[in-house]
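Provided below for reference: sequence and predicted model.
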Protein chains: 2
Amino acid sequence: MTNFKVQILGCGSALPTTIHMLSSQLVEMNGKLFMIDCGEGTQLQMRKFGARMSKLHSIFISHLHGDHVFGLPGLISTLGLLGRTAELTIYAHQELEQFINPVLNFFCKDLSYNVRLVLLRRKGYNLIYETRSISVFSFPLKHRIATSGFLFKEKEKLRHIKREMIDYYNIPFREINNIKSGADFVTPKGEVVPNEQLTTPPTPPRSYAYCSDTAYDESIVPYIKKVDVLYHEGTFTESEMERATKTAHSTARQAAEIARLAEVKKLVIGHFSSRYKELDTLLNEAQEVFPNTELAFEGKVIEL
Amino acid sequence: MTNFKVQILGCGSALPTTIHMLSSQLVEMNGKLFMIDCGEGTQLQMRKFGARMSKLHSIFISHLHGDHVFGLPGLISTLGLLGRTAELTIYAHQELEQFINPVLNFFCKDLSYNVRLVLLRRKGYNLIYETRSISVFSFPLKHRIATSGFLFKEKEKLRHIKREMIDYYNIPFREINNIKSGADFVTPKGEVVPNEQLTTPPTPPRSYAYCSDTAYDESIVPYIKKVDVLYHEGTFTESEMERATKTAHSTARQAAEIARLAEVKKLVIGHFSSRYKELDTLLNEAQEVFPNTELAFEGKVIEL
């Protein structure tokens, strides 16, 4: 099975602490690294955890609050110093231009590669990137400014052909992919062997959804239905509900409620308020609603 | 004696490593914290080393390369989240405006305090800040863009009055400061007691100079003459002299040469190239010229 994993680089909220760094994570699919958000210190976290800068493919910015973007200037500069030549695409809301264009114009005049900005739409479920095997979608979250969640999804895969059937029917190599795609096999004598006899169902495509920052919002449920892993902010405990509502953030319990409604396989909560030194209450409150909840931490690797 | 110390927050060069962070340091004088340079991750280093954000008085930016300024947006935002109300003065070359104004306009619209930019002159030895007891000067360094060094200096202090003389002549309290300032004492009977008999010389004012980034440049020697501690970049070993010259940086040995010419008491070298995992060669090459050389490291405290 090809690689599909997520590494948390930072899962604190606006104020960094000695425990939690600012928002950023890496999604690795098919050997490519996709970054989601890029708070200050992201390049330092990449070094700390040995993530290879050369594998960084593109960057997805959920929204234009400083704790999600202030790491971009340093990262862009460092990639230049390392001699990157491949274009770097940054998917973000339009407001990024006001922050990043002055940086590019002033600090990055002689950059060895091109930075391309692709603007996210504020509404709807949009395919923003795809290859033959993966798709990335954006969808709106409910925060104080334009904010998007992201869904990283494998495409439907080929069926598995049974090795013993290849031998039994002496299936030629050129037919293999057709059969994996669902075709029946016709023997030289004209006998039709139905596909179901030759194959087993494909491995279900895996998917990962990122929802931060966002208030509790059931309207995102259809977009993240049945994902393997949902990362959803759980900034506050229930006792801080009022503050959560006021700042358009979620409690850990609300994150779990979304996970339950979306029938995801696993929930990872993050974007922890700096007020919490211990995260037990957040975890407990979430697990009461959705037992398969884990806490994010810097360096955590989530295998999909 | 009042507090006067420097703490190194980052002493790497453009590329951060797992060992060295980007340029920043804190000068503490009379309970105020003055920051010199603010590379990405500076606020994180302040947290790590327990530096009190509330004591931060002002920021001095040597030059507008990213590794010396990309920590400003995050630090400015965090000070706002912490509820700062005192104006924050940033001393920097004019180019900072292009970087920081968009940040202030977009991310810091509702900032709880004012950020005031004071522009540095490109030429000459300029008093840029002073109180009754300290002065800060800027002077030009030789780098690829406009760059300033900084000198933090105590003002001339009062002479020490001998306690036994106060008792012997029954000197009234109101005369004490005059005598400390050099006045003689006249007894009620008209006897003149010369100041030298009543006092000992003042404690020599202490001083700290910061010179980074800069090529080897003897013209700075008069500005930093006899300082107690000189922080001077020593980015490269002698074997990388060509690269040092090309990039307008100094070798460690060149830093030591400046320290020797300026007759400083102690040299601390920093701004280490990311190519060095071990810094022994840098230290040895510097100590051959100027024995009282130390290596900077993250967290190092220099007491003056």
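All right, it came through fine.

For the rest of this, base every contact and every neighbour count on C-alpha atoms.
Will do.

If I follow the layout properly, A:Ser274 ends up in contact with A:Leu22?
No - assessed by CA atoms under 8 Å, A:Ser274 is found out of contact with A:Leu22, at 10.6 Å.

which one of these two has more residues nearby?
Neighbours were counted for A:Ser274 and for A:Leu22 using other CA atoms under 10 Å in any protein chain shown; A:Leu22 has more, 31 against 18.

shouldn't that one be in contact with A:Gly10?
Yes - between A:Leu22 and A:Gly10 there is a contact under CA under 8 Å: 4.8 Å.

Mind listing the shared neighbours of the two?
Residues touching both A:Leu22 and A:Gly10 (CA atoms under 8 Å, 6 or more residues apart in numbering or on different chains) are A:39, A:42.

what's the neighbour count on the closest residue to chain B within chain A?
Chain B sits closest to A:Gly41 of chain A, with a gap of 5.3 Å, by CA to the nearest CA. Counted with other CA under 10 Å, the neighbours of A:Gly41 add up to 28.

picking up where we left off before, any chance you could list residues touching both of A:Ser274 and A:Leu22?
A:12-16.

Would you mind giving those residues as JSON lines with distance to chain B and secondary structure added?
Below are these laid out as JSON lines (distance: CA to the nearest CA, whole Å; DSSP: H, G, I helix; E, B strand; the rest coil):
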{"residue": "A:Gly12", "distance to chain B": "12", "secondary structure": "strand"}
{"residue": "A:Ser13", "distance to chain B": "11", "secondary structure": "coil"}
{"residue": "A:Ala14", "distance to chain B": "8", "secondary structure": "coil"}
{"residue": "A:Leu15", "distance to chain B": "6", "secondary structure": "coil"}
{"residue": "A:Pro16", "distance to chain B": "7", "secondary structure": "coil"}
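
Mind putting those into a markdown table with pLDDT and neighbour count?
Shown next, in a markdown table, are the shared contacts of A:Ser274 and A:Leu22 (pLDDT from 0 to 100; neighbours: other CA atoms under 10 Å in any protein chain shown):
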| residue | pLDDT | neighbour count |
| --- | --- | --- |
| A:Gly12 | 97 | 26 |
| A:Ser13 | 96 | 24 |
| A:Ala14 | 93 | 22 |
| A:Leu15 | 93 | 22 |
| A:Pro16 | 92 | 25 |
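
CSV for these, including distance to B:Ala262?
Formatted as CSV, these follow (distance: CA to CA, whole Å):
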residue, distance to B:Ala262
A:Gly12, 46
A:Ser13, 47
A:Ala14, 45
A:Leu15, 43
A:Pro16, 41
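
List just the nearest of those to A:Ile179.
Nearest to A:Ile179 out of the shared contacts of A:Ser274 and A:Leu22 is A:Gly12 (CA to CA; 48.1 Å).

partner residues bridging the closest one?
A:Phe272 (DSSP bridges).

Spell out which residues sit in contact with it, please.
A:20-23, A:270-274.

Tell me how far it lies from A:His68.
Distance, A:Gly12 to A:His68, using CA to CA, to the nearest Å: 10 Å.

Please identify every residue contacting each of these two.
Joint contacts of A:Gly12 and A:His68 (CA under 8 Å, 6+ apart) are A:22-23.

now the helices for chain A?
A:42-48, A:66-69, A:72-81, A:96-107, A:163-169, A:176-180, A:195-198, A:221-224, A:241-247, A:252-261, A:280-289 (DSSP state H).

Isn't the residue of chain A closest to chain B up against A:Leu72?
No - counting by CA under 8 Å, A:Gly41 stays clear of A:Leu72, with 9.2 Å between them.
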